[in-house]
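here you go, sequence then predicted model.
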Amino acid sequence: MVKLRLKRHGRKQRVTYRIVAINAQSRREGEAIKEVGSYNPRKEQTQLDLPAINALLKEGAQPTGTVRDISKRVEVLEQVEINFQSKIKF
């Protein structure tokens, strides 16, 4: 299964994250299938590749909770007519 999740990047106390599509069995720093965005929690900046994210979600990729919350801010999940609440267990 492919998941959209955060991949840690940067140095100590200056962390940023990349939003990547990765196999669910891989470790956090493992090889990503595709990089689809970035998130900087210090400056609250988010950059997303919306067409790539929509394509991955339509193919069945599942976002993690944190990525889902980040994408809700820019209403990515509302653009894809898929009900993720029934697929994701809390």
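Arrived safely, thanks for sending.

can you classify Glu54 as helix, strand or coil?
To be clear, residue 54 is Asn; Glu isn't right here. Under DSSP: H, G, I helix; E, B strand; the rest coil, Asn54 falls in the helix class.

so for it, what's the pLDDT?
Looking at Asn54, its pLDDT reads 86.

also Gly10?
Reported pLDDT for Gly10: 90.

same check on Lys87?
Lys87 is given a pLDDT of 45.

repeat for Val80
For Val80, pLDDT reads 54.

residue ranges of the strands in the protein, please?
Along the chain, counting by DSSP state E, strands occupy 2-11, 14-23, 34-40, 45-48, 62-63.

redo these as a markdown table? Include mean neighbour count.
For glycine as for every other residue, the C-beta is placed from the backbone atoms N, C-alpha and C. Formatted as a markdown table, the strands of the chain follow (neighbours: other C-beta atoms under 10 Å):
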| stretch | mean neighbour count |
| --- | --- |
| strand 2-11 | 16 |
| strand 14-23 | 18 |
| strand 34-40 | 18 |
| strand 45-48 | 14 |
| strand 62-63 | 20 |
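
okay, the ones you listed in CSV with distance to Val74 next?
Putting the strands of the chain into CSV (distance: least, C-beta to C-beta, whole Å) gives the following:
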stretch, distance to Val74
strand 2-11, 14
strand 14-23, 12
strand 34-40, 10
strand 45-48, 6
strand 62-63, 13
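
surely Ile19 is in contact with Leu48?
Yes - between Ile19 and Leu48 a contact is recorded at 7.0 Å, counting by C-beta atoms under 8 Å.

where does this protein dip in pLDDT?
75-90 (pLDDT under 70).

quick one on the thing from earlier: got any residues that touch both of Ile19 and Leu48?
Common contacts of Ile19 and Leu48 (C-beta atoms under 8 Å, 6 or more residues apart in numbering): 36-37.

tell me what Glu35 is bridged to.
Bridge pairing for Glu35 (DSSP bridges) gives the partners Val20.

hmm, it is touching Tyr17, no?
No - counting by C-beta under 8 Å, Glu35 does not reach Tyr17; the two are 10.9 Å apart.

and the gap between the closest residue to Lys34 other than its chain neighbours and Arg14?
The shortest distance from Lys34 to any non-neighbouring residue, by C-beta to C-beta, 6 or more residues apart in numbering, is to Ala21 (4.6 Å). Applying C-beta to C-beta, to the nearest Å, the value for Ala21 to Arg14 is 25 Å.

thanks again, I'm all set now.
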